[in-house]
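In: With the sequence up front, the predicted model follows.
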Amino acid sequence: MYSESELVAIARRENNSKRNYLVINRFQGKHIPVAPSKALKMFYELGGLVKKAYAEERLLIIGFAETATAIGAALAVCTDSLYMQTTRENVEGATYLYFTESHSHATEQKLVRESLESVLDKIDRIVFAEDEITTGNTILKIVNIIKEEFHVTLPFSAVSILNSMDKEAETIYKEQNISCHYLLKTNHDIYPLLAKRCKTDGTYVELIKDLEGEEWNANIFAELETDGYQNARCITKGADYQNACEKLWQQVKTEFFRTCSKTEQNSEIPVSINIEEHDEISNSEKDRRILVLGTEEFMYPALYAAARIEEMGYHVKFHATTRSPITVSDSYAYPLHEKFELRSLYDKDRVTYIYELDKYDKVFIITDAKKGQTEGISSLVNALKSRRNTNISIIRWCRA
């Protein structure tokens, strides 16, 4: 089992009067780089709880954007359930159920109505997947909307890594017949005070401003479009999604061995690996450090690819860009120390962030953002360049 000291770190949100703290899960792979095996192990353990509790039921898992999309997908894979996620992006041709996540920086959430409606007669229960449930109010909002819109009598469940609901919230959930499952029970009462004490003396890099008028230099990276895309913002099945992620990985693997090479001493020029000899990679080659980045809501496929690279024996870290503006601090005990301001890969007018970048021998950015938003890629690549990353591949999982 996990301990609170092992998983939980408290950070301070920027300019958020509704909730000044953010719970950072050290193993989740969102804000802090983590070995992908640690993240997946935790997600699959949570999936085991769901599988045990509802072995005889047909489930629809709904993962909350943006931090719990990988958790929800992992639960669907574990249970081979139907899966979809909430989103803040636009899905072509879709209409939505709208609800709010009032404590979030980006409060609007939505669920593709047609996808949900198409499976209501094929499931026995809806399970909402979150990273952390504090009051439970956001889930209550969408539960009530679904009940009102579709007049369903289905039972609901809430599943999370962390749960800090108080007795009053737990009573409300029992009255609403919403079951809860989680890996760790926490108490959030002290979190606002901890966040208030946080210093704001970390490193802030405003790359958006730095990029104004700068010509985009794409010479240090390769870009690959892949096929077999499945959009988890609409209904998919756990096994089908996993198979699609495996097909994505096979394409990423080709790019990995084409471009992932050890750098000669005192040289920035990569030395290519023979793809036919990839099963015989030397121990010194596997000592090289690899970073895989997801983008905003798009996490599980990138995490899966990162885990597959790790299985080959490489030292791999995974995390993702995010919409969440968080204070950074020089304090050793504080979870985040450096913040890069970016333009979104999905919308050039949206500000996003990446935290805790370092130098790696190879970086993969794996995204489902459409090609053409060069400002977002430019700002992310320049953030990586500023930390002396010179071997970058951008993998786009193409829309079917």
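Out: Ah, there it is.
In: part of a strand, is Leu140?
Out: No - applying DSSP: H, G, I helix; E, B strand; the rest coil, one finds Leu140 to be helix, outside a strand.
In: just for the stretch 301-400 of the chain, where's the confidence low?
Out: Along the stretch 301-400 of the chain, the parts satisfying pLDDT under 70 run over 399-400.
In: let's go with 50 and repeat that
Out: Applying pLDDT under 50 to the stretch 301-400 of the chain picks out no residues at all.
In: Show me where it has its strands.
Out: Assigned by DSSP state E, counting those that start in this stretch, the strands in the stretch 301-400 of the chain fall at 315-321, 338-343, 351-355, 362-367, 392-397.
In: a markdown table for the ones you listed, including mean neighbour count and distance to Leu22?
Out: Any C-beta I mention is one placed from the backbone N, CA and C, and that applies to glycine too. Putting the strands of the stretch 301-400 of the chain into a markdown table (neighbours: other CB atoms under 10 Å; distance: least, CB to CB, whole Å) gives the following:
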| stretch | mean neighbour count | distance to Leu22 |
| --- | --- | --- |
| strand 315-321 | 26 | 15 |
| strand 338-343 | 22 | 13 |
| strand 351-355 | 22 | 11 |
| strand 362-367 | 26 | 23 |
| strand 392-397 | 22 | 28 |
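In: Now do the same contact list for the residue nearest the centre of the chain.
Out: Centroid-nearest residue in the chain, with CA atoms, centre = their mean: Met299, separated by 3.8 Å. By CB atoms under 8 Å, 6 or more residues apart in numbering, Met299 lies in contact with 29-30, 66, 69-70, 73, 320.
In: Now list the buried members of the residues you listed.
Out: 29-30, 66, 69-70, 73, 320 (16 or more other CB atoms under 10 Å).
In: Now flag whichever of the residues you listed is closest to Phe99.
Out: Checking the buried ones among the contacts of Met299 against Phe99 with CB to CB, the nearest one is Glu66 at 15.0 Å.
In: right, and out of the contacts of Met299, which lies closest to Ala195?
Out: Lys30 (17.4 Å).
In: Which of the contacts of Met299 fall in strands?
Out: The strands, defined by DSSP state E, take in Ala320 from those.
In: Where do the helices of the protein begin and end?
Out: 4-7, 36-53, 69-79, 113-119, 137-150, 167-175, 191-196, 207-210, 238-259, 283-286, 300-311, 374-386 (DSSP state H).
In: sorry, back to before: would CSV of the strands of the stretch 301-400 of the chain with distance to Arg19 be doable?
Out: Output for the strands of the stretch 301-400 of the chain, formatted as CSV (distance: least, CB to CB, whole Å):
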stretch, distance to Arg19
strand 315-321, 21
strand 338-343, 19
strand 351-355, 18
strand 362-367, 29
strand 392-397, 33
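In: nearest to Thr295, of those?
Out: Comparing the strands of the stretch 301-400 of the chain under CB to CB, the one sitting nearest is strand 362-367, at 4.2 Å.
In: and Asn177, how many neighbours?
Out: Counted with other CB atoms under 10 Å, residues neighbouring Asn177 total 12.
In: For the residue lying closest to it once chain neighbours are set aside, list the residues it contacts.
Out: The shortest distance from Asn177 to any non-neighbouring residue, by CB to CB, 6 or more residues apart in numbering, is to Pro155 (5.7 Å). Pro155 sits next to 124-126, 177-179 when contact means CB under 8 Å, 6+ apart.
In: out of those, which are buried?
Out: 125-126, 178.
In: and the gap between Ala232 and Cys198?
Out: In this view, Ala232 and Cys198 are 34 Å apart by CB to CB, to the nearest Å.
In: same deal with Glu310?
Out: 32 Å.
In: So if I had to pick from the two, which one is more boxed in?
Out: Under the criterion of other CB under 10 Å, the comparison of Glu310 against Cys198 puts Cys198 first, with 23 against 20.
In: I'd assumed Arg12 was in contact with that one.
Out: Yes - contact criterion CB atoms under 8 Å: Cys198 and Arg12 qualify, at 4.1 Å.
In: who touches both of those two?
Out: Thr327.
In: Among the contacts of Pro155, which pair sits farthest apart?
Out: Comparing the members of the contacts of Pro155, the greatest separation, given CB to CB, is between Asp124 and Ile178, at 14.7 Å.
In: What count of nearby residues applies to Asn90?
Out: So Asn90, with other CB under 10 Å, has 12 neighbours.
In: what about this structure, any weak spots by pLDDT?
Out: For the chain, the ranges with pLDDT under 50 are 211-216, 218, 262-278.
In: what do you get if the cut-off is 80, keeping everything else the same?
Out: 1, 16-17, 100-107, 207-222, 259-286, 372-373, 398-400 (pLDDT under 80).
In: re the thing from before, can you put the buried ones among the contacts of Met299 in CSV and add distance to Ile145?
Out: Converted to CSV, those look like this (distance: CB to CB, whole Å):
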residue, distance to Ile145
Gly29, 30
Lys30, 26
Glu66, 20
Thr69, 20
Ala70, 24
Ala73, 23
Ala320, 28
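In: Out of these, which is nearest to Glu108?
Out: For the buried ones among the contacts of Met299, the nearest to Glu108 is Glu66 (12.2 Å; CB to CB).
In: does that closest one really touch Glu89, like I thought?
Out: No - Glu66 lies out of contact with Glu89 (CB under 8 Å); the separation is 9.7 Å.
In: Alright, calling it a day.
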